[in-house]
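In: Here is a sequence together with a model predicted from it:
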Amino acid sequence: MHQERTFSDKFFLVVKGLFMGAANKVPGVSGGIVAFVGGFYEEFIYSLQKINGKAFKLLISGRFKSFYRYTNATFLSLLILGMLISYFSVSRLLDYFLEQKELFVWAAFFGMVLGSIYYIAKDYGHWNKKTVTAGIIGLLIGISISFLSPAKENDNLIFIFFCGMISVSGMTLPGLSGSFILILLGNYVLLLVDSVNSLYETFTEMVQGDFSFVRNKERLHILRILGVFTLGSATGLVTLSHLLGYVLKHYKQITTAVIIGFITGSLGVIWPWKKTIYKADGLGNILMDSNGDHIIKNYERYWPDVSTFETWGALFFVLVGIFVLLGIDWYGKKRA
């Protein structure tokens, strides 16, 4: 797995991290799909597995060069750098477009997931009774998750740590959206919108020499939540990578079949044509949580009206999403 990387390789690793970060931010889309399609999924899992007891011993004994090589740190650090850049740039841009052109954003990502299903399935020639059963199980789980109702927001730090462990699955499991899991747990806005915005504002103020945030109890509380969430994510990332590394090594064909089924079943999560259903009381008043946000009850999906320009615009973006994935596939083959 370890290899000398050219400047071009390093640059495109950062770009791949950008795509993973953006995908993780969008409910229904998995950063793991980007890794799978980008051809670096197994190296990603392998590298995370190397964050173990041996790596810790190398670090505390001062053998930094050995630690760096053992953990494939160049690969991981460049990928993580891309994700961090994404959270403060691409992700904020996505927030804007989700607010202004939500249908088109969902359509583009729907197309990307369709393209990823084609990409993963086209060369899979191992269908038999076991793998078909595994694929159907993955499909049913994906469909079931897409129809679950979201919970209420919860800022308990133990629960936040748990959210971090669970949501990071979007990076390690293609098809399982960490952002959508956070919606189901009720903490998407708190952890991927409010926390990221607070961190961005804090960094901006610090660069300007303004440290008044240290007296802002609400800001410090949000930053504490973000710290616990990050710790939970790191714990989940390392733990899941060991489990997945074992599964991929011993049950690769069955695992791939489950992934194909799961991604297909999860298409319902990012179906572009849907409207949000909010909880209401007996008088029809929309209920809010303690932060003043409307409580989401579920999503109502509907078939598009082909007589409208908006529908044709969305279908265009579905095609754009598909071609983006095919373009990544083409680029990967060209560089191979």
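Out: On my side now, so go ahead.
In: For this protein, give me the ranges with low pLDDT.
Out: The chain contains residues with pLDDT under 70 at 1-4, 27-28, 91-92, 149-150, 175, 278-299, 328-329, 331-336.
In: Please enumerate the strands of it.
Out: 274-278, 296-301 (DSSP state E).
In: The shortest one: which residues count as buried?
Out: The neighbour-count criterion (16 or more other Cβ atoms under 10 Å) identifies residue 274 as the buried residues of strand 274-278. C-beta: built from backbone N, CA, C; applies to glycine.
In: quick one: contacts for residue 315?
Out: Taking Cβ atoms under 8 Å, 6 or more residues apart in numbering, we find residue 315 in contact with 107, 304.
In: Check residue 126 too.
Out: 253, 256, 257.
In: The last one: neighbouring residues, count only.
Out: The criterion is other Cβ atoms under 10 Å. On that basis, residue 257 has 27 neighbouring residues.
In: ok, now how distant is the closest residue to residue 162 other than its chain neighbours from residue 208?
Out: Counting by Cβ to Cβ, 6 or more residues apart in numbering, residue 232 is the residue found nearest to residue 162 once chain neighbours are left out, at 6.6 Å. Plainly put, residue 232 is 31 Å away from residue 208 if you go by Cβ to Cβ, to the nearest Å.
In: okay, the two: which has more neighbours?
Out: residue 232 (23 against 8).
In: Please tell me I have it right and the more buried one contacts residue 159.
Out: No - at 9.6 Å, residue 232 does not count as touching residue 159 under the criterion of Cβ atoms under 8 Å.
In: So for stretch 108-124, what gets flagged as buried?
Out: 108-117, 119-121.
In: mind listing which of those are in helices?
Out: Cross-referencing the buried residues of stretch 108-124 against helices under DSSP state H gives 108-117, 119-121.
In: would TSV of those residues with distance to residue 197 be doable?
Out: Below are those laid out as TSV (distance: Cβ to Cβ, whole Å):
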residue	distance to residue 197
108	23
109	22
110	26
111	28
112	25
113	27
114	31
115	31
116	29
117	33
119	34
120	34
121	38
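In: wait, which of these is closest to residue 194?
Out: Nearest to residue 194 among these, counting by Cβ to Cβ, is residue 109 at 22.4 Å.
In: Please report how far residue 202 lies from residue 212.
Out: Distance, residue 202 to residue 212, by Cβ to Cβ: 10 Å.
In: higher neighbour count, these two?
Out: With other Cβ under 10 Å as the criterion, residue 202 and residue 212 differ in neighbour count, and residue 202 comes out ahead with 20 against 8.
In: Please name the residues that touch the more buried one.
Out: By Cβ under 8 Å, 6+ apart, the neighbours of residue 202 are 213, 219, 223.
In: and these, which are buried?
Out: Buried, going by 16+ other Cβ under 10 Å: 219, 223, out of those.
In: Counting only helices, which of the contacts of residue 202 make the cut?
Out: Per DSSP H, those map to helices at 219, 223.
In: mind putting the contacts of residue 202 in TSV, distance to residue 274 included?
Out: Shown next, in TSV, are the contacts of residue 202 (distance: Cβ to Cβ, whole Å):
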residue	distance to residue 274
213	38
219	34
223	33
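In: Which one of the contacts of residue 202 is nearest to residue 76?
Out: When these are compared against residue 76 (criterion: Cβ to Cβ), the nearest one is residue 223, at 24.5 Å.
In: got the contact list for that closest one?
Out: 195, 198, 199, 202.
In: Quick one: the residues you listed as CSV, columns for distance to residue 43 too.
Out: Converted to CSV, the contacts of residue 223 look like this (distance: Cβ to Cβ, whole Å):
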residue, distance to residue 43
195, 29
198, 33
199, 29
202, 33
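In: Filter these down to the buried ones, ChimeraX style.
Out: Those of the contacts of residue 223 that count as buried under 16+ other Cβ under 10 Å are selected in ChimeraX with:
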select :195,198,199,202
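In: Among the contacts of residue 223, give me the pair with the biggest separation.
Out: 195 and 202 (10.5 Å).
In: ok, now how distant is the residue nearest to residue 35 when sequence neighbours are not counted from residue 255?
Out: Using Cβ to Cβ, 6+ apart and skipping the chain neighbours, the partner closest in space to residue 35 is residue 41 (4.1 Å). Computed as Cβ to Cβ, the residue 41 to residue 255 distance reads 11 Å.
In: Can you tell me which of the contacts of residue 202 comes closest to residue 326?
Out: Ranked by distance to residue 326 (Cβ to Cβ), the contacts of residue 202 are led by residue 223 at 41.0 Å.
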